[in-house]
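[1] Show me the folded form of this:
(chains A and B)
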Amino acid sequence: MLTIKILGSGCENCKRLAWLAERAVEHLGVEAQVVKVTDYAEMMQYNIMSTPGLVVNEKLVSAGKLPSEAQIATWLTDALQAA
Amino acid sequence: MTTLPAPSSSLSTRRLTLIVALCAVAWVAAYNLIQPLADWISYSALNLPQDSRLGEALAFFLYDVPKILLLLSGMVFLISIVRSFFSPERTRALLGGKREGVGNVLAALLGIVTPFCSCSAVPLFIGFVEAGIPLGVTFSFLIAAPTINEVAIVMLLGLFGVKVAGLYIASGLSIAILAGWIIGRLKMERFVEDFVWKVQRSGQAVEEKLTWGQRITQAATSVKEIVGKVWLYVVVGIAIGAGIHGYVPESALVSIMGKQSWWSVPAAVLLGIPLYSNAAGMIPIVSALLEKGASLGTALAFMMSVIGLSLPEAVILRRVLKLPLLITFFSVIAIAIMLTGFLFNWIL
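    You can find the predicted model right below:
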């Protein structure tokens, strides 16, 4: 079971990232929980300086940009193997 | 910092280089064709007389729209390539441990090249402050980054020329350095929201190694994104500008926007605040007003206020700044912009 967190204040790119992450999860057919983190204090724990941020199993993998769905899928598979 | 492995790019670097070279050739060809084409459509195809108002306005519009859109695509591409070598994380590392003064200058300069979106202003602010970067230095960055942006620079270059674009950048930098330094002197740390000082970062920042292929692909994406966002404003702004160019009599604006009326500078700054995000549309209009007798200082103050003083950003920053600091931040920039306006009206 993966925990995916989308860090961002609700900007357009944050919503797009959440949508991409959900799609990646669906296409991979893995079990995952996608959580949106909008509280700045909580967001900053991940040492992020530009939004949107993507956290997979408590590890920050991307910040300040919109990665491709394929790239997200790679991070998810890596996290599954590491777990 | 962890280094992520670079994902393999779908296009080979050689093919990408070829595509970029072809685009550059097409770009130069198109750029040189605009003027004859605009004249041909207005004066030959539509057969409008050379000195008619409509002909002049149309030729102006047909020349400026493709010129600005081409310049915008080309420059945004180049600037994005430069920016791919910078990141907020790297800027924070460069600013760490710098004294005020030197730090303010460096922060303002880095503000130009670091990728920045006002939606990330809060995490960036917290990241800087929490890393021990002085408040004033942080503000120098937060003023320079949105004010001196690629869209504004391109529009100024294309419509006003190198001199005004240079003056704009120089004033933007000076305002960022000076305003940041003043805010630093005011010792307003207690007006930063308390939670900011308590943030504990535990995770590691991401740092990516990019290949040239990725830099080029990313730059192309930002061209699509930025041009897609502003083109309509550009077209509408140039249309209004073309109307002014063709129909408003010469020196009609000397009395209201000329050097003699001192109040035009503060009025221009106030008027600029609610016009945020319309910079791409405002600049062509200002360029036409300048032709009709508005003074350069007033015009510069107006554009800086449109671009640099944004209410949405103030709302975002309210999350980390208590009201007295937020008001000080805005007032210091507004006063600095007005002084710049007066200065240029006086010396030019």
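
[2] Skip the chain neighbours and tell me the closest residue to residue 62.
    With no chain named, the answer covers chain A. Leaving out its chain neighbours, the residue that sits closest to residue A:62 by C-beta to C-beta, 6 or more residues apart in numbering or on different chains is residue A:54, at 4.3 Å. C-beta coordinates here come from the backbone N, C-alpha and C atoms, glycine included.

[3] Hmm, no, I was thinking of chain B.
    Of all residues beyond its chain neighbours, the one nearest residue B:62 is residue B:38 (3.7 Å), with distances taken as C-beta to C-beta, 6+ apart.

[4] Give me the phi and psi angles of the one you found.
    phi -60, psi -40 (degrees, to the nearest 10).

[5] So what does the residue nearest the centre of chain B have for phi and psi?
    In chain B, the C-alpha nearest the mean C-alpha coordinate belongs to residue B:149, at 2.5 Å (C-alpha atoms, centre = their mean). Residue B:149 adopts backbone torsions of phi -110, psi 160, taken as degrees, to the nearest 10.

[6] quick one: it and residue B:307 touch, right?
    Yes: using C-beta atoms under 8 Å, residue B:149 is in contact with residue B:307, at 7.0 Å.

[7] distance of the residue nearest to the centre of chain B from residue B:201?
    Applying C-beta to C-beta, to the nearest Å, the value for residue B:149 to residue B:201 is 28 Å.

[8] residues from the stretch 51-200 of chain B in reach of chain A?
    By C-beta under 8 Å from any C-beta of the partner chain, the residues of the stretch 51-200 of chain B that approach chain A are B:87-89, B:92, B:115-117, B:119-120, B:122-124, B:126-127, B:130, B:195, B:198-200.

[9] lowest confidence element among the helices and strands of chain A?
    Ranked by mean pLDDT, DSSP states H and E, the helix or strand of chain A with the weakest confidence is helix A:40-44, at a mean of 86.

[10] Would you tell me whether it gets close to chain B?
    Yes: on the criterion C-beta under 8 Å from any C-beta, helix A:40-44 is in touch with chain B at A:40-41, A:43-44.

[11] The longest helix that chain A contains - contacts with which helices or strands?
    Looking across chain A with DSSP state H, the single longest helix is helix A:12-28. When contacts are defined as 3 or more C-beta pairs under 8 Å, 6 or more residues apart in numbering or on different chains; DSSP states H and E, helix A:12-28 packs onto strand A:2-7, strand A:32-37, helix A:69-82.

[12] Give me the neighbour count for the residue nearest to residue B:62.
    Other residues within reach of residue B:38, judged by other C-beta atoms under 10 Å in any protein chain shown, total 20.

[13] can you tell me how far it sits from residue B:58?
    Remark: distance between residue B:38 and residue B:58 (C-beta to C-beta) = 8 Å.

[14] And stretch B:122-138, end to end?
    Terminal residues of stretch B:122-138 lie 11 Å apart, using C-alpha to C-alpha, to the nearest Å.

[15] Distance from the chain centre to that stretch, please.
    22 Å (C-alpha atoms, centre = their mean, to the nearest Å).

[16] likewise stretch B:57-72?
    Relative to its chain's centre, stretch B:57-72 lies at 20 Å (C-alpha atoms, centre = their mean).

[17] ok, the residue nearest to residue B:318 when sequence neighbours are not counted - contacts?
    Closest residue to residue B:318 apart from its sequence neighbours, by C-beta to C-beta, 6+ apart: residue B:326 at 5.8 Å. Contact analysis of residue B:326 by C-beta atoms under 8 Å, 6 or more residues apart in numbering or on different chains lists B:314, B:317-318.

[18] circling back: pull out the buried residues from the residues of the stretch 51-200 of chain B next to chain A.
    B:87-89, B:92, B:115-116, B:119-120, B:122-124, B:126-127, B:130, B:199 (16 or more other C-beta atoms under 10 Å in any protein chain shown).

[19] neighbours of residue A:24, just the number please.
    Residues within reach of residue A:24, counting by other C-beta under 10 Å, total 24.

[20] correct me, but it touches residue A:68?
    No: with contact defined as C-beta under 8 Å, residue A:24 does not count as touching residue A:68 (9.4 Å).

[21] Got the phi and psi for residue A:31?
    Dihedral angles for residue A:31 - degrees, to the nearest 10 - are phi -90, psi 120.

[22] what's the distance between it and chain B?
    23 Å (C-beta to the nearest C-beta, to the nearest Å).

[23] Over to residue A:76?
    Computed as C-beta to the nearest C-beta, the residue A:76 to chain B distance reads 14 Å.

[24] list the contacts for that residue?
    Neighbours of residue A:76 in contact, by C-beta under 8 Å, 6+ apart: A:2, A:4, A:24-25, A:28, A:30, A:32, A:56.

[25] and which of the residues you listed is nearest chain B?
    Nearest to chain B, judged by C-beta to the nearest C-beta, of the contacts of residue A:76 is residue A:56 at 11.7 Å.

[26] contacting residues for the residue nearest to the closest one when sequence neighbours are not counted?
    Spatial nearest neighbour of residue A:56, chain neighbours left out: residue A:79 (4.6 Å); criterion: C-beta to C-beta, 6+ apart. Going by C-beta under 8 Å, 6+ apart, residue A:79 touches A:2, A:56-57, A:59.

[27] what residue is smack in the middle of chain A?
    Nearest residue to the geometric centre of chain A (C-alpha atoms, centre = their mean): residue A:54, 3.0 Å.

[28] Name the strands paired with the helix or strand that residue falls within and say parallel or antiparallel.
    If you go by DSSP states H and E, residue A:54 is part of strand A:53-56. Using DSSP bridges, strand A:53-56 pairs in its sheet with strand A:2-7 (antiparallel), strand A:59-63 (antiparallel).

[29] List of residues touching that strand?
    A:2-8, A:17, A:21, A:37, A:43, A:46, A:60-64, A:67, A:72, A:75-76, A:79, B:203.

[30] Let me see the mean pLDDT of that strand.
    Mean pLDDT, strand A:53-56: 92.

[31] I'd like to know how many residues surround residue B:49.
    For residue B:49, the neighbour count with other C-beta under 10 Å is 11.

[32] Could you measure from the nearest residue to it once chain neighbours are set aside over to chain A?
    Leaving aside its sequence neighbours, residue B:49 sits nearest to residue B:55 (C-beta to C-beta, 6+ apart; 5.9 Å). Counting by C-beta to the nearest C-beta, the gap from residue B:55 to chain A is 42 Å.

[33] Shouldn't residue B:55 be within a helix?
    Yes: according to DSSP: H, G, I helix; E, B strand; the rest coil, residue B:55 belongs to a helix.
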